[in-house]
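1. here are the coordinates; sequence isn't available:
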């Protein structure tokens, strides 16, 4: 995109003099926040050398270019959505021996909660899908269902970190950061990794779920707001400075930073410095985003038919439909990784159905079913589904038995649950793995979360066992220490 050309002299002052006089008091809040605590971006910590470009490069021919992760925060119940369990029918209230481990601890028996929705076959593949998802049911021939996912924690915070970063503890880069590290960006005017949160609030652990961890901060997720009329990014645009003055400020700052890197004219020049290089790039990105980001979320450019497809004309589906539509627009513009959270905050604001299962899942499926199907259909009709990998799922599933003596609430289940993938070279109309007859745990082809991560990287042309980042004396990987293979049955 074009940008205003800054004059070589600012009212008789050089760029450095202009910067010195401005000090920390210029009006662009977005740039001020980048500079806070950094002494105009001078870093005296002596960081390790790193190349300007962080893209590690492709290991093989990619099938996908972008990823959209539809994160159903709280843990949707697999046996009430896509994991058909006819053996549970007619057994509501029966006490059975079944080992479970969730928020309520470890138990050896429980009261069966029969699935509250009917299932019926969809598509040429005949996939059985719950009445909760009639619109997604229409897309099953493009979807690969993974029915034997497993995780290491039944607790939201650590399970979410595992799903997002491959680690139970905070401090590791999120999958979106790994993708952008491996591939680089296709659009210099938008972030490579965008996160859109539920209006009820963010998930537990917050920004740790889209942190760049030990990688440079330029690789972390950027949260976007999509409500009509709102700025997509907080404090992105100054209401006190003209674009020309902002351009001058950025040029002056970056001149000083480049001098600091090369030592030209300033004592203590440091040479290559990953943090400083990332900071220089972030100023340019912040400036360019002032035009690119609002345009990306401007849905007035979409047709009435597209709005109707996504459900933005219906109060129930408007929010998630809007975010799904923005996600399509972002990947169209080269954003590598987009993550949407369905559900936020606590309790029934998300899929965490500890109380009334029917109220909870009717609410959240009702908000998301039509928009999710619309995203798949829209990508497909535009010829984008082939190169856009769509992921659906939460941090874990739910148990087949009741959590309490009364009611239909289900506790967390990390022993076996369902996720699905579509597009980006994924085989459609297939189901891989299975849980036992009650859905309590994976019994056929158990697949750790890391297998999902390995599959994502593989489809993007990256070898999950070769994509590494050196930190604290070790070559780190998204998929952990050992060798992790993609899920061959769906690629």
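-> Okay, I see it. Everything numeric in this text was worked out from a predicted model, so none of it was measured. Numbers count the residues shown, from 1 in each chain.
2. okay, CA-based contacts and neighbour counts for the rest of this
-> Will do.
3. any idea how many residues pack against the closest residue to residue 447 other than its chain neighbours?
-> With C-alpha to C-alpha, 6 or more residues apart in numbering as the criterion, residue 447 has its nearest non-adjacent residue at 4.8 Å, and that residue is residue 149. Neighbourhood size, residue 149 [other C-alpha atoms under 10 Å]: 28.
4. the one helix or strand residue 149 maps to packs against which elements?
-> Remark: residue 149 resides in strand 143-150, with elements defined by DSSP states H and E. Helices and strands touching strand 143-150, by 3 or more C-alpha pairs under 8 Å, 6 or more residues apart in numbering; DSSP states H and E, are strand 417-422, strand 430-432, strand 434-435, strand 442-444, strand 447-448.
5. next, the angle strand 417-422 makes with it.
-> Interaxial angle of strand 143-150 relative to strand 417-422 (axes from the mean of the first three to the mean of the last three C-alpha atoms, to 10 degrees): 150 degrees.
6. I'd like the next helix or strand past strand 143-150.
-> Sequence-wise, the next helix or strand downstream of strand 143-150 (DSSP H and E) is helix 156-165.
7. just for this protein, where's the confidence low?
-> 1-56, 228-230, 234-241, 262-284, 286-287 (pLDDT under 70).
8. how about the helices in this protein?
-> 15-22, 29-35, 134-137, 156-165, 175-183, 243-262, 274-296, 304-310, 318-332, 357-381, 449-459 (DSSP state H).
9. dump the helices and strands packed on strand 143-150 to CSV, plus mean neighbour count and distance to residue 479.
-> Formatted as CSV, the helices and strands packed on strand 143-150 follow (neighbours: other C-alpha atoms under 10 Å; distance: least, C-alpha to C-alpha, whole Å):
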stretch, mean neighbour count, distance to residue 479
strand 417-422, 27, 18
strand 430-432, 19, 20
strand 434-435, 23, 23
strand 442-444, 17, 20
strand 447-448, 20, 10
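10. now these as CSV including distance to residue 320?
-> Below are the helices and strands packed on strand 143-150 laid out as CSV (distance: least, C-alpha to C-alpha, whole Å):
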stretch, distance to residue 320
strand 417-422, 18
strand 430-432, 26
strand 434-435, 30
strand 442-444, 31
strand 447-448, 28
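11. out of those, flag the one nearest residue 172.
-> For the helices and strands packed on strand 143-150, proximity to residue 172 was assessed by C-alpha to C-alpha; strand 447-448 is nearest, at 17.7 Å.
12. list the contacts of the closest one.
-> 148, 149, 150, 151 (C-alpha atoms under 8 Å, 6 or more residues apart in numbering).
13. among those residues, who's most crowded?
-> Going by other C-alpha under 10 Å, residue 149 tops the contacts of strand 447-448 with 28 neighbours.
14. contact partners for that one?
-> Neighbouring residues of residue 149 by C-alpha under 8 Å, 6+ apart: 415, 416, 417, 418, 419, 442, 446, 447, 448, 449.
15. repeat the analysis, applying 10 Å as the threshold.
-> 396-397, 414-420, 432-435, 441-442, 445-452 (C-alpha atoms under 10 Å, 6 or more residues apart in numbering).
16. now do residue 462
-> Taking C-alpha under 10 Å, 6+ apart, we find residue 462 in contact with 56-62, 179, 182-183, 454-456.
17. same check, this time on residue 316
-> The neighbours of residue 316, taking C-alpha under 10 Å, 6+ apart as the test, are 363, 364, 366, 367, 368.
18. perfect, that will be all.
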